[in-house]
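*Asks:* could you work out the structure for the sequence below:
(2 chains)
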2 protein chains.
Amino acid sequence: MIMEISAEGVRSGDERIIARVISQVENQRQQVFPLLKELYRSTELAYLVGITGPPGSGKSTLVEKLVLSWTAEEEKVAVIAIDPSSEFSGGALLGDRIRMGKISTEKNVFIRSMATRGYLGGLNPAIFDTVVVLSAAGYQKVVIETVGVGQNEIDIVRLADTTLVVTVPEAGDEIQTFKAGLMEAGDIFVLNKADQPTASRMGLILKQMLEMNDSENHSSDNSDWEVPIVKTVGTEGEGIEELRRAVMQHRDFLSRSQKERYNRSRVIRNHVVHLMEEFLRNHYIDPLLESPVFQEILAGISARKTDPYTAVEQLLKSFNKEQGKHEN
Amino acid sequence: MIMEISAEGVRSGDERIIARVISQVENQRQQVFPLLKELYRSTELAYLVGITGPPGSGKSTLVEKLVLSWTAEEEKVAVIAIDPSSEFSGGALLGDRIRMGKISTEKNVFIRSMATRGYLGGLNPAIFDTVVVLSAAGYQKVVIETVGVGQNEIDIVRLADTTLVVTVPEAGDEIQTFKAGLMEAGDIFVLNKADQPTASRMGLILKQMLEMNDSENHSSDNSDWEVPIVKTVGTEGEGIEELRRAVMQHRDFLSRSQKERYNRSRVIRNHVVHLMEEFLRNHYIDPLLESPVFQEILAGISARKTDPYTAVEQLLKSFNKEQGKHEN
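*Replies:* The predicted structure is shown next:
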C-alpha cells in the first residue's frame, strides 16, 4: 500500500517525507503522479547544476566544497548522485558517495543516490521527477552528479542549466576519446588536481580543444559564452571560490541572454518525451513480455518460421485492433 | 532513392554491397526491413564475441591479433566497433579505429564503426540488424567492441555469446567503480599490458573480485563456467594463443551445456523488444514532435497551466481515439 503524502508535506521540507516521496517516484511511479502534478503546477524549478567527469577525478570532493559554499549563503541545496553501477534502485553505493556523507548531515543539504537507468532501460525517468520534488521542497539549487563517460550520463547533465565538466591532468586519453559529447555539454571546465606537475600541459590541451570546438560550433547553445577553465585542488579547497563565481556568471549570462528560458523549454521537452516513452512501454511492451503470445513468437523466430521484423509488425497491428475494440 | 539490393547480393559477400546495406540499416531503416526479413529466415547467426574495457586498455590491438589468429584458420571475421563519441552515423572515428586499419585491408575481414545509440536515443537498433547482414554475408564470427564504461556499452556486449572484459594493471579504480555490470558481463577476463610491474597485484585483485562475484551469483548464466583470467601483452602478441583457446573453450562450454540456445533466445528477445520500442517511437512520438499541438503543450507546461504528467496522459488518450477511428 502506498502511504498518502500531501503536497504540503513535501513543501514543509521534512527530509524524511522527501526521501519517502523519492522512493515512491522510483518504485511506485503511477501512484505518485497525482502528487507530482500538484507539485509541478505550484513550483518554480530549482537551478540545476550538472557535474560530470571520469571516475577518480575528484567530483565528489568538489561538489562537497561547492555545496558548503552555497549553504554558507543560506541556500538549501540538494545533490542527486547518479550511480552507474546500480541498474535500478537498491544498487550499491559507490565509494565516493560515502565520502560525501560528510555533508549529508549538514542542515539544508539533501543527498540522494539514483540509478542512471530505469528498470525498463533508457534514462531513469525518476531523475527529473525527483528534481520536481526537491524544487517543491524548497531547494534552490539541485546538483546532478554523474560519472560522465557514457552517453546516458552526458544526457543527464545536459538537462542542467549550468554543466561543469571535471578533468584531471592524467585524463588526457579519456578526454580525447569522449571529447565530442563532453565538449558540447560543458559550460564550465574544471581542471582538478591542478597542483600536479602535468597540470599546465593538460590545461593547454583543454584550451586548444575548447577553441577547436568553438570554431566548429558557431550555432551551439554557448555561442556567446566563453567557456572558462577553472583550476582547482578540491582536497585543499583551492579554486572553489572561483568555481562558485563561474557558476554565478554563467547563471547571469543565461538570464541576460534569455538562454534560461531556452534551457527550461529543452528540459520540459525532454521530460515529456521520456514520460511518453515510459507510458508507451508500460502500455504496450510490459504486458506483452509476460504473455504466452510473446513466448510463441520467440519460439517462432528461433525456429526461423518468422523473423523479428515481421513479428513486431504483427504485434503492433494486433495492438491497434485491440484499441479499436476498446474505444467503440 | 534507395538502391535495391537483393539477398543474393549480400550472400555473395561483396564488401561494397555489405557496406551499402549497413548504411541503409542505419539511415533508411524502414525500407531495408523486407531485405532483413529475407536474410533472417535463411541465415544461421554468426558466433558473437563481445569485447569491452576502459579506454586505453589496448582492446583494438587485442582484437586485431585475435582476428588475425582466426583468419589464419580460414575463418571470415567481421568487427563492429561501437563508437561512443558519435551520436549517430557519420560521427568521428576514434583514434584506435584508425590503428585497426591494419587489418581492414586483410582478406576475409570486414570492419565497421557504429554509434552506441540510435538517433532516437537508446541502444542503436542498427547494431543487431548489422549482425544479421554480416551473418548472411558469410562471416562466421562477429566481434563487437565497445568502450565498456556505460550501461549501454555493457548491454551491447552482453548480447554476445562470449564476452571478453579487458583490464590493465593501472585500471584499479575504474574496475572497482564499474564492477557490478562488468563482473557479470565477462565470460573471460583479459589482463592486458601484463608486463607492467603492477600486473601481478592487479591479477590478484581481479581474482578476488571474481571469486566474490561468484559466491554472490549462484544462479548466474556462468554458474558452471569458471571465468578465466588471461594475461596478455597485446602489442607483442603475447597471450593471444591462450585467449583464442579460452574463447574456443567457452564456446564448447556453451554448446555442451545448452547455454548457447539460452544465449540465442536472449539475443532474440532483446532484438524484438528494441524493435518494438523503435516502432512505437516512429509511430507515436516522432510525428508528434513536429506537430503544432506539441508546441502548444510545451508552452502550456512552461506557463504551468498544465504539467508533463497530465499532458502525456492526454496525448496517449488522443492516440487511442485516433486509432479507434482508423480501425472502424
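*Asks:* can you pull out the helices in the stretch 101-250 of chain A?
*Replies:* For the stretch 101-250 of chain A, the helices defined by DSSP state H, counting those that start in this stretch cover A:101-104, A:126-136, A:151-158, A:172-177, A:179-185, A:199-216, A:240-256.
*Asks:* among those helices, which comes closest to residue B:236?
*Replies:* Between residue B:236 and the helices of the stretch 101-250 of chain A, the tightest spacing by C-beta to C-beta is seen for helix A:172-177, at 20.6 Å. C-beta here means a position set from N, CA and C on the backbone, and glycine is covered the same way.
*Asks:* can you list the weak-confidence ranges in the stretch 151-300 of chain A?
*Replies:* Counting by pLDDT under 70, the low-confidence segments of the stretch 151-300 of chain A come to A:151, A:171-181, A:214-223.
*Asks:* hmm, back to that, just put the helices of the stretch 101-250 of chain A in JSON lines and tack on distance to residue A:314.
*Replies:* Formatted as JSON lines, those follow (distance: least, C-beta to C-beta, whole Å):
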{"stretch": "helix A:101-104", "distance to residue A:314": "52"}
{"stretch": "helix A:126-136", "distance to residue A:314": "33"}
{"stretch": "helix A:151-158", "distance to residue A:314": "31"}
{"stretch": "helix A:172-177", "distance to residue A:314": "42"}
{"stretch": "helix A:179-185", "distance to residue A:314": "37"}
{"stretch": "helix A:199-216", "distance to residue A:314": "45"}
{"stretch": "helix A:240-256", "distance to residue A:314": "49"}
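*Asks:* mind putting these in JSON lines, mean neighbour count included?
*Replies:* Rendered in JSON lines, the data for the helices of the stretch 101-250 of chain A read as follows (neighbours: other C-beta atoms under 10 Å in any protein chain shown):
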{"stretch": "helix A:101-104", "mean neighbour count": "15"}
{"stretch": "helix A:126-136", "mean neighbour count": "25"}
{"stretch": "helix A:151-158", "mean neighbour count": "24"}
{"stretch": "helix A:172-177", "mean neighbour count": "19"}
{"stretch": "helix A:179-185", "mean neighbour count": "21"}
{"stretch": "helix A:199-216", "mean neighbour count": "15"}
{"stretch": "helix A:240-256", "mean neighbour count": "16"}
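*Asks:* I'd like those helices laid out as TSV, including distance to chain B.
*Replies:* Conversion of the helices of the stretch 101-250 of chain A to TSV gives the following (distance: least, C-beta to the nearest C-beta, whole Å):
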stretch	distance to chain B
helix A:101-104	18
helix A:126-136	8
helix A:151-158	5
helix A:172-177	4
helix A:179-185	4
helix A:199-216	11
helix A:240-256	16
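*Asks:* which stretch among those comes nearest residue B:312?
*Replies:* Relative to residue B:312, the nearest member of the helices of the stretch 101-250 of chain A by C-beta to C-beta is helix A:126-136, separated by 12.2 Å.
*Asks:* what is that closest one packed up against?
*Replies:* With contacts defined as 3 or more C-beta pairs under 8 Å, 6 or more residues apart in numbering or on different chains; DSSP states H and E, helix A:126-136 has these neighbours: helix A:7-11, helix A:15-27, helix A:29-41, strand A:77-83, strand A:109-115, strand A:141-145, helix A:259-280.
*Asks:* for residue B:291, find the nearest of the ones you listed.
*Replies:* The closest approach between residue B:291 and any of the helices and strands packed on helix A:126-136, judged by C-beta to C-beta, belongs to helix A:259-280 at 12.7 Å.
*Asks:* and the angle for the closest one with helix A:29-41?
*Replies:* Inter-element angle recorded for helix A:259-280 and helix A:29-41: 160 degrees (by axes from the mean of the first three to the mean of the last three C-alpha atoms, to 10 degrees).
*Asks:* what about the helices of the stretch 101-250 of chain A, which gets the closest to residue A:35?
*Replies:* Within the helices of the stretch 101-250 of chain A, the stretch nearest residue A:35 is helix A:126-136; the backing value is 8.6 Å (C-beta to C-beta).
*Asks:* what angle do that closest one and helix A:29-41 make?
*Replies:* Comparing the axes of helix A:126-136 and helix A:29-41 via the same axes, to 10 degrees yields an angle of 40 degrees.
*Asks:* ok, residue A:107 touching residue A:74?
*Replies:* No: under the criterion of C-beta atoms under 8 Å, residue A:107 makes no contact with residue A:74, lying 10.3 Å away.
*Asks:* my guess is residue A:183 contacts residue A:213. True?
*Replies:* Yes: in this structure, residue A:183 is within contact of residue A:213 by C-beta under 8 Å, at 4.3 Å.
*Asks:* what count of nearby residues applies to residue A:263?
*Replies:* Close neighbours of residue A:263, defined as other C-beta atoms under 10 Å in any protein chain shown, add up to 18.
*Asks:* quick one: it and residue A:253 touch, right?
*Replies:* No: the pair formed by residue A:263 and residue A:253 falls short of the contact definition of C-beta under 8 Å, at 11.2 Å.
*Asks:* how many other residues sit next to the nearest residue to residue A:275 once chain neighbours are set aside?
*Replies:* Excluding the flanking residues, the one nearest residue A:275 by C-beta to C-beta, 6 or more residues apart in numbering or on different chains is residue B:312, at 4.4 Å. Using other C-beta under 10 Å as the criterion, residue B:312 is surrounded by 22 other residues.
*Asks:* what's residue A:297 sitting at in phi/psi?
*Replies:* phi -60, psi -50 (degrees, to the nearest 10).
*Asks:* that one contacts residue A:305, correct?
*Replies:* No: in this structure, residue A:297 is not within contact of residue A:305 by C-beta under 8 Å, at 10.0 Å.
*Asks:* and these two? Which one has more around it.
*Replies:* Between residue A:297 and residue A:305, counted using other C-beta under 10 Å, residue A:297 has the larger neighbour count: 22 against 11.
*Asks:* who's in contact with the closest residue in space to that one that isn't next to it in sequence?
*Replies:* Ranked by C-beta to C-beta, 6+ apart and with sequence neighbours excluded, the top spatial neighbour of residue A:297 is residue A:311, at 4.9 Å. For residue A:311, the contacting residues are A:297, A:300-301, B:272, by C-beta atoms under 8 Å, 6 or more residues apart in numbering or on different chains.
*Asks:* which two among those residues are spaced furthest apart?
*Replies:* By the measure C-beta to C-beta, these have their two most distant members at A:300 and B:272, which lie 10.7 Å apart.
*Asks:* mind checking how far residue A:243 is from residue A:159?
*Replies:* The spacing between residue A:243 and residue A:159, counted by C-beta to C-beta, to the nearest Å, is 20 Å.
*Asks:* repeat that for residue A:141.
*Replies:* Residue A:141 sits 14 Å away from residue A:159, going by C-beta to C-beta.
*Asks:* which of these two has more residues huddled nearby?
*Replies:* The neighbour comparison of residue A:141 against residue A:159 (other C-beta under 10 Å) goes to residue A:141, with 23 against 19.
*Asks:* correct me if wrong: that one contacts residue A:77.
*Replies:* Yes: taking C-beta under 8 Å as the contact criterion, residue A:141 and residue A:77 are neighbours in contact, 4.7 Å apart.
*Asks:* find residues that contact each of these two.
*Replies:* Taking C-beta under 8 Å, 6+ apart as the contact criterion, the residues that touch both residue A:141 and residue A:77 are residue A:70.
*Asks:* ok, now which ones touch residue A:40?
*Replies:* Residues near residue A:40 by C-beta under 8 Å, 6+ apart: A:132, B:304, B:307-309.
*Asks:* may I see the ChimeraX selection of the buried members of the residues you listed?
*Replies:* The ChimeraX command for the buried members of the contacts of residue A:40 (criterion: 16 or more other C-beta atoms under 10 Å in any protein chain shown) is given here:
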select /A:132 /B:307,308,309
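*Asks:* any chance of the contacts of residue A:311 in CSV, plus distance to residue B:24?
*Replies:* As requested, the contacts of residue A:311 are exported to CSV (distance: C-beta to C-beta, whole Å):
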residue, distance to residue B:24
A:297, 25
A:300, 26
A:301, 22
B:272, 21
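*Asks:* just the buried members of these?
*Replies:* Restricting the contacts of residue A:311 to buried positions leaves A:297, A:301, B:272, with burial counted as 16+ other C-beta under 10 Å.
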